[in-house]
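>>> With the sequence up front, the predicted model follows.
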Amino acid sequence: MIRKNEVRKNQYYDSVTLMVASSEMRRLEGIENAAVMMGTDHNRMLMTDAGLIGPDTEEFGVNDTVVGVLAESEAAAQAAISLFEELLARKKSNRDGAAERHVRTQTEAKSGNPEANFAVISVPGRFARAEAEKALSLGLHVLLFSDNVSMEDEIALKDMALEKGLLMMGPDCGTTIINGTALGFANVVRRGNIGLVAAAGTGLQEVTVLIDRLGGGVSQALGTGGRDLKAEVGGRMMSLCLKALDADPETEVIVILSKPPAKQVMKKMLEQLEHIQKPVIAAFLGGDPSLLEGSRVVYAEDLEQAAVMAVQAAKGQTPAPKPDDVDELTRLARGECEKLASSQKNLRGLYSGGTLCYETMLVFRDRGINAWSNIALDKALLVEGSEESKDDVLLDMGEDFFTNGMPHPMIDFRQRTLRMEKEAADPSVGVLLLDCVCGYGTHDDPAGELAPAIRQVKAQAEKAGRHLTVLASVTATETDPQVYSRQVQKLTEAGAIVLSCNAQAAKLAATIIELQRKR
Amino acid sequence: MEEKKNQVNRLFASQLWVVNVGVEVFFQAVRAQKVPAVQVDWHPPAGGDTRLAEIMAKLKSL
């Protein structure tokens, strides 16, 4: 094994560009590991730990780009570095073709384009406040994708935005649809009369997708960032978004998605909702209907129910939860149990979408299945993700432990597919549960990445003389760049059972596990 | 005050026009949806400023 490094002085590339390049380099024949990172202290540590840099690596600083490759041969390493250069050259030639669309600063952007009204900001967290302040001072609404922004900075930015009557969505806001345009990680959905506001990124993707699939449409889908409903931030942005949706003539139904808000924030929100005449559906994941006692807000148990009831309300019907087709779920579960050995009593869920993982955990909790998880509600069930799995496990692979210096699992599938192999090798595992999140910002073909891994784990189980049930759901619409039906087809052909949404996949998984444990 | 309150609703009633600062994939996604946009080719503040900014950030979090 040889290590090869290259340092490019004073060259900055955004994290996604570097992640995509790293991931393409790792695919090459003869490459054990490869990464391209900016030379921050944190990245220096990660690359050292991975053996990608060493004492003989040329000196570098925070403004330099560092390439590290571990390969079987000098030639393989050189091929990976050449690929990186090629990717950069391609990027540069694309850029030169649209030179008029690139500027150096926001001020330049705004002065050259006075009609600009919205900033999407995804710079490293420590620079995020300065850029967001600049955008707000230029009168731009802000979607702040960056994370690692302090609560104090969040509050200051939101106060500045409120002063100007502007949206300040985030930090850590991944998903928004404004005037039909998908921003961040978001799907292409039909326009309509349902307005959403969410403090739960993948939750917003799932619900907007399901609304589209049920024949409804979305007026606006706004994200507040995950911390907005915490006591400290006090629902500052939620309140502005609700006001705007209430005043919006295109919005006839309002949907709220979040984990249960802090008590005083909930009280304030309910007071505001009192004055809204439009039907309001709220899914406070992990909460209970008593949160909404005495209000006319309709409680939705999960993301699927939120979408179902929103579409009903949008058609002028009285929203009512859709009962599960228990017979069908039981029929499907029995079919799988017949193929599984009685010793296969455990489940492993590997997620790229945090809210989807959370939703599954709630389904399990309601069914009395206690899964270990890196986002467990019950601290006694908390795991980091690095441990050997045992019993039932649900992992949000978008959490820090997995993304620390690594690409997000919605962009790069390597960590998840490796983990699939590991979990499937455990003879106690009967069910593997997956999400497949599509839309702008995510991988070009998530199912295309998952399908070979599904085939492989099923074959691996088969070889060991057992069956493995793979359950999945696809968060996509027919109008998404990845196309819903094509994604479903790829997963199905690989041998997965694809359910209509994550809640249904979670419920089928729970049913199978319950039946297996009775054997 | 009314003027301020209506900024968000004015956005809803206007053509969305995006300034993308940072990750270029998001700029390409907006352009693919035929929405006008400009990319700010963001770089960390030059030289020692970055280091200083990092130290300031660390101090702030203490």
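The structure has been received and is ready for your questions.

>>> Can you classify the residue of the stretch 201-350 of chain A found nearest chain B by secondary structure?
Ranked by Cβ to the nearest Cβ, the top residue of the stretch 201-350 of chain A for proximity to chain B is A:Ala244, at 3.8 Å. (Each C-beta comes from the backbone N, C-alpha and C, glycine too.) Following DSSP: H, G, I helix; E, B strand; the rest coil, we place A:Ala244 in the helix state.

>>> before we move on, which element is A:Leu432 in?
strand A:429-437 (DSSP states H and E).

>>> Oops, could you answer that again for A:Ile194 instead?
Assigning secondary structure by DSSP H and E places A:Ile194 in strand A:191-198.

>>> try A:Val36
Following DSSP H and E, one finds A:Val36 within strand A:31-38.

>>> picking that back up, which helix or strand lies directly C-terminal to the strand holding A:Ile194?
helix A:201-213.

>>> and the angle from the next helix-or-strand element following that next one to helix A:201-213?
Per DSSP H and E, helix A:201-213 leads on to strand A:218-223 as the next helix or strand towards the C-terminus. Inter-element angle recorded for strand A:218-223 and helix A:201-213: 170 degrees (by axes from the mean of the first three to the mean of the last three Cα atoms, to 10 degrees).

>>> Look up the pLDDT of the residue of the stretch 201-350 of chain A closest to chain B for me, please.
As predicted, A:Ala244 sits at a pLDDT of 97.

>>> picking up where we left off before, the strand holding A:Ile194 pairs with which strands, and in what direction?
strand A:218-223 (parallel), strand A:253-258 (parallel) (DSSP bridges).

>>> Now do the first one, average pLDDT.
Strand A:218-223 shows an average pLDDT of 98 in the prediction.

>>> next one: it to chain centre, how far?
17 Å (Cα atoms, centre = their mean, to the nearest Å).

>>> again with the last one
The chain centroid and the centroid of strand A:253-258 are separated by 18 Å under Cα atoms, centre = their mean.

>>> and that strand, average pLDDT?
On average, strand A:253-258 scores 97.

>>> Now it: buried residues?
Within strand A:253-258, the residues that count as buried by 16 or more other Cβ atoms under 10 Å in any protein chain shown are A:Val253, A:Ile254, A:Val255, A:Ile256, A:Leu257, A:Ser258.

>>> ditto for the first one
Using 16+ other Cβ under 10 Å as the test for burial, strand A:218-223 gives A:Val218, A:Ser219, A:Gln220, A:Ala221, A:Leu222, A:Gly223.

>>> Correct me if wrong: the first one contacts A:Val188.
No: counting by Cβ atoms under 8 Å, A:Val218 does not reach A:Val188; the two are 10.3 Å apart.

>>> Those residues of the stretch 351-500 of chain A touching chain B, which are they?
Neighbours of chain B within the stretch 351-500 of chain A, by Cβ under 8 Å from any Cβ of the partner chain: A:Tyr440, A:Gly441, A:Pro481.

>>> just the buried members of those residues?
Buried among these by 16+ other Cβ under 10 Å: A:Tyr440, A:Gly441, A:Pro481.

>>> Out of the residues you listed, which comes closest to A:Leu434?
A:Gly441 (19.2 Å; Cβ to Cβ).

>>> could you measure the closest one against B:Gln33, distance?
12 Å (Cβ to Cβ, to the nearest Å).

>>> Return every residue with contacts to both of the two.
A:Ala182 (Cβ atoms under 8 Å, 6 or more residues apart in numbering or on different chains).

>>> State the number of residues packed around the closest residue in space to A:Pro446 that isn't next to it in sequence.
In this structure, A:Pro446 finds its nearest non-sequential neighbour in A:Cys436, 4.9 Å apart by Cβ to Cβ, 6 or more residues apart in numbering or on different chains. Using other Cβ atoms under 10 Å in any protein chain shown, A:Cys436 has 30 neighbouring residues.

>>> What of A:Lys490?
Neighbour count for A:Lys490, taken as other Cβ under 10 Å: 23.

>>> So it lies in a helix, does it not?
Yes: assessed by three-state DSSP, A:Lys490 belongs to a helix.

>>> Could you report the separation of it from B:His43?
Counting by Cβ to Cβ, the gap from A:Lys490 to B:His43 is 39 Å.

>>> what's the helix or strand hosting A:Ala333 packed up against?
Using DSSP H and E, A:Ala333 falls within helix A:326-339. Counting by 3 or more Cβ pairs under 8 Å, 6 or more residues apart in numbering or on different chains; DSSP states H and E, the packing neighbours recorded for helix A:326-339 are helix A:502-518.

>>> And the helix it packs on, how far out from the chain middle?
Per Cα atoms, centre = their mean, the centroid offset for helix A:502-518 relative to its chain is 23 Å.

>>> With respect to A:Asn5, which of the residues of the stretch 351-500 of chain A next to chain B is nearest?
A:Gly441 (30.6 Å).

>>> ok, that closest one - contacts?
Here A:Gly441 is in contact with A:Gly174, A:Ala182, A:Gly184, A:Phe185, A:Ala186, A:Met410, B:Val25, B:Phe26, B:Ala29 (Cβ under 8 Å, 6+ apart).
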